[in-house]
Each structure stands twice: as C-alpha cells, then as structure tokens.
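*Asks:* Return a 3D structure for these sequence lines:
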Amino acid sequence: MENNLSHVLRNEFEDFLAQSSKEDQEVLSSFLRGLREKQKGNYVSYIGSWLETERRFLDDGTYEVSIPIKPSIMNALNIVHGGVTATLLDTTMGSMVNLSLPEGQVAVTLDMKVNYIKGGTGNKLRCQGEIISRGNKVCVTEAKVFNDENKVIALATGTFYVLPAK
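*Replies:* Okay, here's the model as predicted:
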C-alpha cells in the first residue's frame, strides 16, 4: 500500500512531467541520478550528490574537487551561480581538513572569504585546495576554482574549527 507522501510525490512528479520542457526533464534526471548515487552510498551528502562531485588528492598533496557545469547550477546570466562556486570552495577546503584529521575529530567552517574573478562557464569547474596552517583547534586553508581553460575564476581562504566527532 502506498503511503500518503509517496502518493503526493507521484502526483507532483506526473504533473511536473506533463508541463516540463526538455531542460526541466534533464535537470530532474540529474537530481534523480544524484539521489540514486546517494542511496548507493557513493556520496555522503545530498549536496555532493546533487553537484556530482569528483574528489581526489593530487601528487603534490593538493586536494581537488570537480563538478560538471549543468543547467541546475546556472544563474539567470547563464553562468554558474556564485553560491555554487562558494559551496565548491567550502567543500574542497572542508573535505581536505576533515580527511587530514585523526579519527574522533571533525572540522566545521568558521569563516570563509571568497573573491570572484570571472563567471563560471564551460563544461566543468575544478577546485584545488591546501592547508596553510594547522593548529589544535583551527586550520586555515586556501582554494582556487579553475574553468576548462585552467583560468582561475574564484579563490577563497577558509578557517575551520576542529571539534570532537559526535
């Protein structure tokens, strides 16, 4: 037996599809792919699954997070929304700090300063970050976002507070 929420979702989904454009359907498909990947355990957060993040350490120890540029992250000017760019910077710096901590500790964003240089366009954004200073309770980081042409489109510094994991 279908529960009430499933029934509501099914109706909303059918109504959406009946009135949707091809782009609307592509955006919905992207969201659903991300949700399925989160269900499978390929992402630990919904934001990571929505952005379709790819993560890796580079040979020099720099941490890199890449995301595809797709309609769901664009603003009305047809460039990547500044909030998405800031999220990419925060994700890169925060993940890098958290991956460097011993078990039983986590880090959260305390402060972040973003400088936007140019609009995010192309097929993919790539963000590289590094830890600048590590203390017992505070880590300072920096990261840069690059476009397809390897040009910096944004940069940030971030301060992360280290606390016991719950």
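
*Asks:* so Glu54 sits right up against Tyr43, yeah?
*Replies:* No. If you go by C-beta atoms under 8 Å, Glu54 and Tyr43 don't touch, sitting 10.8 Å apart. Every residue, glycine included, has its C-beta placed from N, CA and C.

*Asks:* These two: which has the busier surroundings?
*Replies:* Legend: neighbour count by other C-beta atoms under 10 Å for Glu54 and Tyr43, higher for Tyr43 (19 against 13).

*Asks:* quick one: the strands in the chain?
*Replies:* Ranges of strands in the chain, per DSSP state E, are 54-57, 63-68, 105-116, 124-134, 138-146, 152-164.

*Asks:* deepest of the ones you listed, which one?
*Replies:* Looking across the strands of the chain with neighbours counted as mean count of other C-beta atoms under 10 Å, the highest average goes to strand 138-146: a mean of 22.

*Asks:* Low-confidence stretches in this structure?
*Replies:* Counting by pLDDT under 70, the ranges of the chain that qualify are 1-2.

*Asks:* which other residues reach stretch 69-77?
*Replies:* For stretch 69-77, the surrounding residues in contact (C-beta atoms under 8 Å, 6 or more residues apart in numbering) are 23, 26-27, 30-31, 50-52, 67, 80-82, 84, 119-125.

*Asks:* Give the buried subset of the residues you listed as a ChimeraX selection command.
*Replies:* Buried members of those can be picked out in ChimeraX with the line below, counting by 16 or more other C-beta atoms under 10 Å:
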select :27,30,50,51,52,67,80,84,119,120,122,125
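
*Asks:* Tell me which residues touch the residue nearest to the spatial centre of the chain, please.
*Replies:* With distances taken as C-alpha atoms, centre = their mean, the chain has Leu88 as the residue nearest its mean C-alpha position (4.5 Å). Going by C-beta under 8 Å, 6+ apart, Leu88 touches Leu51, Val65, Ile67, Leu125, Cys127, Val145.
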